[in-house]
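Q: got a predicted structure plus its sequence, pasted below:
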Amino acid sequence: MPRAPSALLLLLLLLPPAAAAQAPAADARKAQPDENRIFATTQLAGQRVSVLPVGGVMVLDGVPEDSLLGAFRDRRAGLRRADTLLANALLERLPDITWLTPDDVRRLARRAPSLIPDADRMGQTVVRSAGLREVPDPLRNQARALAALANGRYALVPSMLVLSREAALLRADLVLVLADPRSGGILWRSVAVGRDATAEGALKRALAAVLPAALP
């Protein structure tokens with residue numbers, strides 16, 4: 001006659017394997033400070049805001065170099081495509097604000113090369129730091145000169161776009177900062193995060209997550 005299993009054996013059979021119990025979920029990441037913090041527009045209706053060019057594009061290891069990257073396979077083309085997607089999202093979703101797009105900013109910079117030598121290299125990537133309270137120089141000085149040329153007060157500074165792999169999807173992370181160049185103060189900061197099958201789709205979802213849609 002077979003022996004009845006002991007209580008200890010039953011307990012062990014009911015418990016999940018230790019490796020499975022201790023293994024973290026695949027590609028799980030902790031939320032970053034200010035992740036997908038919504039852009040507040042109440043105080044900006046009717047204002048002119050200069051949008052600096054995206055500071056750079058970084059493709060991390062593990063992202064396949066195929067059609068999923070699209071224009072982002074090439075650094076220069078990727079920067080311009082990121083600028084276009086950002087400008088389109090701002091103009092479509094927040095039409096009550098007068099946006100000077102990255103292309104507008106480049107044209108203004110060419111009119112004053114002694115003040116803004118290169119609109120694409122103003123030091124935008126410095127705003128990636130989560131603990132930043134004020135915009136440092138030389139970005140602050142150049143953004144102040146740009147605000148004067150644009151006859152506006154505020155600047156939207158996009159840092160480096162980071163593309164990575166998360167499970168079966170591509171992930172886009174883009175730090176966005178709204179600054180007052182005159183005081184150097186940072187008024188809003190958000191890490192826009194989006195996921196999609198393609199790099200462009202991931203960036204679009206990231207921007208949609210932080211920019212409220214215009215009311216019909």
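A: On my side now, so go ahead.
Q: where in the protein is pLDDT low?
A: Low-confidence segments of the chain (pLDDT under 70): 1-29, 214-216.
Q: just want the most central residue of this protein.
A: By CA atoms, centre = their mean, the chain has its centre lying nearest to Leu174, at 1.4 Å.
Q: can you tell me the helix or strand for Ala109?
A: Secondary structure from DSSP states H and E places Ala109 in helix 102-111.
Q: buried residues in the very next helix or strand once past that helix?
A: Heading C-terminal from helix 102-111, the first helix or strand you meet, by DSSP H and E, is helix 139-150. For helix 139-150, the neighbour count (16 or more other CB atoms under 10 Å) marks Leu139, Arg140, Asn141, Gln142, Ala143, Arg144, Ala145, Leu146, Ala147, Leu149, Ala150 as buried. Every residue, glycine included, has its C-beta placed from N, CA and C.
Q: which elements pack onto helix 139-150?
A: Judged by 3 or more CB pairs under 8 Å, 6 or more residues apart in numbering; DSSP states H and E, the packing partners of helix 139-150 are strand 48-51, helix 102-111, strand 154-166.
Q: residues of the longest one that come out buried?
A: This means strand 154-166. Buried-residue list, strand 154-166, by 16+ other CB under 10 Å: Tyr154, Ala155, Leu156, Val157, Pro158, Ser159, Met160, Leu161, Val162, Leu163, Ser164, Arg165.
Q: out of the residues you listed, which comes closest to Arg80?
A: Closest approach to Arg80 among those (CB to CB): Leu161, at 11.9 Å.
Q: residues in contact with the closest one?
A: Residues counted as contacts of Leu161 (CB atoms under 8 Å, 6 or more residues apart in numbering) are Val54, Gly56, Val57, Met58, Gly78, Ala82, Ala172, Asp173, Leu174, Leu203.
Q: which among those residues end up buried?
A: Val54, Gly56, Val57, Gly78, Ala82, Ala172, Asp173, Leu174, Leu203.
Q: could you pick out the longest helix of the chain?
A: Ranked by number of residues, the top helix in the chain under DSSP state H is helix 75-93.
Q: distance of Arg128 relative to Gln32?
A: Per CB to CB, to the nearest Å, Arg128 is found 10 Å from Gln32.
Q: settle it for me: which of those two has more neighbours?
A: More crowded of Arg128 and Gln32, by other CB atoms under 10 Å: Arg128, with 17 against 13.
Q: quick check: the gap between Ala209 and Asp118.
A: Separation of Ala209 from Asp118 (CB to CB) stands at 30 Å.
Q: tell me which of the two has more neighbours.
A: Counted by other CB under 10 Å, Ala209 and Asp118 do not tie: Ala209 has more neighbours, with 17 against 12.
Q: where's the more buried one relative to Asp180, distance?
A: According to CB to CB, Ala209 and Asp180 sit 24 Å apart.
Q: repeat that for Gly70.
A: Distance from Gly70 to Asp180, by CB to CB: 35 Å.
Q: try Pro33
A: Distance from Pro33 to Asp180, counting by CB to CB: 21 Å.
Q: and Val157, by the same measure?
A: 11 Å.
Q: quick one: stretch 44-55 to chain centroid distance?
A: Stretch 44-55 has its C-alpha centroid displaced from the chain centroid by 15 Å (CA atoms, centre = their mean, to the nearest Å).
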